[in-house]
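1. fold the stuff below for me.
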Amino acid sequence: IPGSIPLLQYLTLWITFAGAAYAAQSGRLLTLATPNLLPEKIRQWAGGLTSAMATGITGCLVVGSVHVVRTDWESGAFVAGPIPVWAATAAIPPGFALIAARFIWNGSSKWSGRLAIAGGLAIPVVFGVVQTFPAWTLPAGLILVAGLALLALPIFVAIARTALLLVWGDGIGPAAVA
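-> Modelled structure (predicted):
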């Protein structure tokens with residue numbers, strides 16, 4: 001069937017985002033188990049911190065993926081037959097948004113905690129407004145990612161955060177990472 005390979009790739013993308021959203025809902029995203037070594041009070045604090053960071057970084061991926069879909073729309077390209085590429089990539093922004101919402105919801109059992117975790121959504125706003133960062137922000141950001149990964153920041157978020165730091169250092173937007 002003509003176009004079956006790209007069609008299969010995009011169907012896999014849709015299934016991947018559905019699985020990731022389900023994993024985020026059930027709190028089963030891949031993380032390091034190191035927080036189990038911490039006292040319960042510190043573990044709760046660390047969970048809120050990593051949830052806020054995960055929310056913000058996933059918010060950056062939402063912004064970047066919207067740019068991807070918009071670019072695909074403007075290109076007018078087709079995956080196979082009458083299926084446009086933008087329709088195939090349209091699963092990405094709501095997939096990331098659903099994951100971010102689940103970080104907020106699952107990050108705390110209290111509304112005040114959820115509101116604090118939602119504060120992580122300031123991260124994409126800051127990165128959208130500030131276009132250049134001092135040279136020290138890259139190593140500091142990488143150290144922060146490593147520390148948060150030890151506190152159970154989901155692995156995909158740690159990788160995305162690292163990639164975002166590197167591309168922003170070169171003046172490239174989040175669409176390259178999304």
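2. from here on, contacts and neighbour counts on C-alpha atoms
-> OK.
3. surely S108 and L115 touch.
-> No - the pair S108 and L115 does not pass the contact test of CA atoms under 8 Å, sitting 9.1 Å apart.
4. gap between the residue nearest to the spatial centre of the chain and V125?
-> Of all residues in the chain, the one closest to the mean position by CA atoms, centre = their mean is T58, 2.6 Å from it. T58 sits at a distance of 12 Å from V125 (criterion: CA to CA, to the nearest Å).
5. please apply the same query to T55.
-> Taking CA to CA as the measure, T55 falls 12 Å from V125.
6. quick one: which of the two has more around it?
-> Neighbours around T55 and V125, counted as other CA atoms under 10 Å, are more numerous at T55. The numbers are 30 against 14.
7. number of nearby residues for A158?
-> The burial metric for A158, expressed as a neighbour count using other CA under 10 Å, is 23.
8. how many neighbouring residues does the nearest residue to it once chain neighbours are set aside have?
-> Across the structure, with CA to CA, 6 or more residues apart in numbering as the measure, the residue nearest A158 apart from its sequence neighbours is V145 (5.9 Å). V145 sits with 22 neighbouring residues when counted by other CA under 10 Å.
9. what packs against the longest helix along the chain?
-> Among all segments of the chain classified by DSSP state H, the helix with the greatest residue count is helix 40-75. Using 3 or more CA pairs under 8 Å, 6 or more residues apart in numbering; DSSP states H and E as the contact test, the elements touching helix 40-75 are helix 85-89, helix 92-107, helix 111-118, helix 122-129, helix 155-169.
10. name the helices or strands packed onto the longest one?
-> Contact partners of helix 92-107 among helices and strands, from 3+ CA pairs under 8 Å, 6+ apart: helix 4-25, helix 40-75, helix 111-118.
11. which of the residues in the following helix or strand past the second one are buried?
-> Sequence order places strand 78-80 as the next helix or strand after helix 40-75, per DSSP states H and E. Within strand 78-80, the residues that qualify as buried by neighbour count (16 or more other CA atoms under 10 Å) are F78, V79.
12. one more: stretch 14-34?
-> Neighbour counts over stretch 14-34 (16+ other CA under 10 Å) mark W14, F17, A18, A20, A21, Y22, A24, Q25, L29, T31 as buried.
13. now tell me what touches the lowest-mean-pLDDT helix or strand in the chain from outside.
-> The weakest-scoring helix or strand in the chain, judged by mean pLDDT, DSSP states H and E, is helix 122-129 (a mean of 82). Contacts made with helix 122-129 from outside it, assessed by CA atoms under 8 Å, 6 or more residues apart in numbering, are listed as G56, I57, G59, C60, V63.
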